[in-house]
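K.L.:
dropping a prediction and its sequence here:
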Amino acid sequence: MRRARATLELLAPVVLIVAVALFGTTVSSSTQTYVITTLVNVAIVVALYIFIGNSGVVSFGHISFVAVGAWTAGILSMPVSEKPAIMPSLAGFLRHTTVGNVPSLALAAAVGAVYALIVGLPLMRLSGLAAGIATFGVLEITHNVLRYWEKIGPGLNTFSAVPETTGLLQSCVGALIAVVVAFGYQWSRYGRMLRATREDAAAARAVGVSVYGQRLVAFTLSGAVAGLAGGLYVHLLPVNAESFYLDLTFITLAMLVIGGATSLWGAVVGAVAVSAVDSFLAEAENGVKVFGQTLDLPSGTRIVVVGALMALVLILRPSGLTGGREAPVPRAMVRGLLTKFPS
Amino acid sequence: MTIATFLGADWQTLADAFGLGGIYALMAVGIGLVFGVLRLVNFAYGQLVMAGAYALAFAYERGWPVWVGILLCFGVVVVLSLAMDLVVFRPLRTQTPAVMLVATFAVAFLLQSIALLWFGSLGKIAASLSSLNQPWTVGGVDIRKISIVATAVAAGCLVALVALLGRTNVGLHMRAAALDFRTARLLGVRANRVIGSAVVLSGLLAATVAVLMTVQTPLVTPDFALRDTILVLAGVVLGGMNRLVSATLGGFAIGFASGFLGGALPTNQSQYLPSFLFAAVILVLLIRPGGLFTRVGQQAVERV
């Protein structure tokens, strides 16, 4: 019974992601870019969820793992002939190495995980406000170093000339990988132990759960997913250090909070819903026709609307649109599944 | 050998560092006061300063006299901070600190993008007090007036605040509420009045900071004071949030360090300044999560 229910819970986010991707095949290529960005955002927000949702500790630092993933994939997959123009002072072996699309993404995830592990080793001892400020410090340091250290990247330049391989298929597969990883984690004993520490740290410790250890596991795993998402990002758009800073931190946190931080379904719904609103407003800032009337919003409206939405949701419905629960599964469906596949 | 040459910097750098430390200390007090009564870290504090700076720019553009501009600045900031309390803080009072931090993060972005919509990204000029950038000659060395004025104003505000907290009824109520809000209420402290006065006080401090900051940075853009707020927040946590004194010291320390290193280091090193500052903050948080200036045994933060 429980396993059947679990499978159905995974079904809802998967169906939503596939539906978004299918919708992307029907629209014009300019709109398609928004759809692909939405799917990459899903991966980032799911990465945030793995740590924030399960541990209840706020992290402002996850975008630095996205940035590190983007740097890894971008540097490694840029053609050798293009490198001197964009990254003139790149360190030796990076200058002569180029890997394919899939290896670059795998390496992005690996580097994201290693970076998160290194950062998490000291930081996971903190909680509450101290954790918030310390992870913010990680974001500041990463941003600062990536911006100025030209041996490991383009510095202030933009990652142009990276093969733009993140299409609908790649972004959809990436988002699905993120969701399946997050789902597998939250049903594993590690995920359960971490959620136990979220509900009552003292009680969890009393039954032998290491709060520090469980948070570190989740932090590393979410670093891997965030790194993967960063790899997807750099293969989608020409990004630079400013792309992975406060704005992205804000918008992805907003997605998580608006959807409902304590469930995977909430993370996916939030990412899709806010991305949809955000893309529509971004179009409207360039002028768009709605019901025969031209809507032309001044630039900057997007963040006003998203910020207002986030504040409203926090005030009126603090557990998010989904109430922080997984997708509701009708009993009939569970029973039907059980009669077909008796376990 | 003077202290300045010993530290490898000139007097101006030292004075600047004191000025910046003073300004950051004022912001730290503003954030600490609200934290004391509400247990809420106001990420949007910098946007109050930004609003004040825009008010000054507005007055400057129309050529109004300096005092009108400053009055407008104070009015705008206090009204905005009261509105923020009413609309955002009040419904969130019962939430966890992490949720409130995220909420004020949202408010900060909201206000910033409203400013972007309203005034554009190019920025406005608020230069009515720019004469304070002229140097004063003190004992044979030239020091810009604003460095001295900022230090003096910050010291004055802090003394006034200490008097207010220590000698008046409102101050007593605020200290009681900061210590234990529920017990204070049981003993007849009015919650809304205490919170209101803390919010107004922190608004007044934000306005003062806006006036001082526009002298050095007359170009007011939507992200005015954003970076400073992040640094001050780090400083406040670094010093220790639980006591106003330690929070203020933390704010001063990070402002002083930022101003001093920014002036003393060559450019190719000072570009990494944020990294050094935040690395130091993280290090201190690991060693003393309760704060640098709290007494031993008073650390309320639980470690895992």
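P.N.:
Thanks, I have it. Residues are numbered from 1 along each chain as shown, chains lettered A, B, ... in the order given.

K.L.:
ok, now which ones touch A:Cys264?
P.N.:
Not quite, residue A:264 is Leu, not Cys. Contacts for A:Leu264 (Cβ atoms under 8 Å, 6 or more residues apart in numbering or on different chains) come out as A:Glu9, A:Pro13, A:Val46, A:Tyr49, A:Gly53, A:Val179, A:Ala182, A:Phe183, A:Gln186, A:Glu326. In short, each C-beta sits where N, CA and C put it, glycine included.

K.L.:
how about B:Leu201?
P.N.:
Counted by Cβ under 8 Å, 6+ apart, B:Leu201 has contacts B:Gly30, B:Leu33, B:Leu161, B:Leu164.

K.L.:
recalculate using a threshold of 10 Å.
P.N.:
By Cβ atoms under 10 Å, 6 or more residues apart in numbering or on different chains, the residues touching B:Leu201 are B:Val29, B:Gly30, B:Leu33, B:Val34, B:Val78, B:Ser81, B:Leu161, B:Leu164, B:Leu165, B:Val170, B:Gly171, B:Met174.

K.L.:
ok, so of the contacts of A:Leu264, who is nearest chain B?
P.N.:
Within the set of those, A:Gly53 lies nearest chain B; the separation is 12.2 Å, counting by Cβ to the nearest Cβ.

K.L.:
any part of the helix or strand harbouring B:Leu285 near chain A?
P.N.:
Using DSSP states H and E, B:Leu285 sits within helix B:273-287. Yes - applying Cβ under 10 Å from any Cβ of the partner chain, one finds helix B:273-287 in contact with chain A at B:273-286.

K.L.:
name the nearest of those residues relative to chain A.
P.N.:
Using Cβ to the nearest Cβ, these come closest to chain A at B:Phe278, 3.6 Å.

K.L.:
any idea of the pLDDT on the nearest residue to A:Ala203 once chain neighbours are set aside?
P.N.:
Closest residue to A:Ala203 apart from its sequence neighbours, by Cβ to Cβ, 6 or more residues apart in numbering or on different chains: A:Ala196 at 7.3 Å. As summarised for this prediction, A:Ala196 has a pLDDT of 92.

K.L.:
report the contact partners of A:Ala196.
P.N.:
By Cβ under 10 Å, 6+ apart, the contact list for A:Ala196 reads A:Asn54, A:Ala203, A:Ala204, A:Arg205, A:Val207, A:Val209, A:Val211, A:Gln214.

K.L.:
most neighbours among these, which one?
P.N.:
A:Asn54 (29 neighbours; other Cβ atoms under 10 Å in any protein chain shown).

K.L.:
that one contacts A:Trp187, doesn't it?
P.N.:
No - in this structure A:Asn54 lies outside contact range of A:Trp187 using Cβ atoms under 10 Å: 11.2 Å.

K.L.:
so B:Ala152 sits right up against B:Gly19, yeah?
P.N.:
Yes - B:Ala152 is in contact with B:Gly19 according to Cβ under 10 Å; the separation is 9.5 Å.

K.L.:
what helix or strand is residue 255 located in?
P.N.:
No chain was given, so I picked chain A. Per DSSP H and E: helix A:246-259 holds A:Met255.

K.L.:
that's the wrong chain, I wanted chain B
P.N.:
With DSSP H and E as criterion, B:Gly255 is part of helix B:244-264.

K.L.:
same question for A:Ala113.
P.N.:
Using DSSP H and E, A:Ala113 sits within helix A:101-123.

K.L.:
what about that helix, average pLDDT?
P.N.:
For helix A:101-123, mean pLDDT is 93.

K.L.:
contact partners for the closest residue to chain B within the stretch 51-200 of chain A?
P.N.:
Residue nearest to chain B within the stretch 51-200 of chain A: A:Gly137 (3.6 Å; Cβ to the nearest Cβ). Going by Cβ under 10 Å, 6+ apart, A:Gly137 touches A:60-61, A:119, A:123, B:230, B:234, B:237, B:274-275, B:277-283, B:285.

K.L.:
any idea how far it lies from A:Val111?
P.N.:
With distances taken as Cβ to Cβ, to the nearest Å, A:Gly137 is found 20 Å from A:Val111.

K.L.:
same question for whichever helix or strand comes after the helix holding A:Met255, mean pLDDT?
P.N.:
Remark: after helix A:246-259, the chain's next helix or strand is helix A:264-285, criterion DSSP H and E. Across helix A:264-285, the average pLDDT comes to 88.
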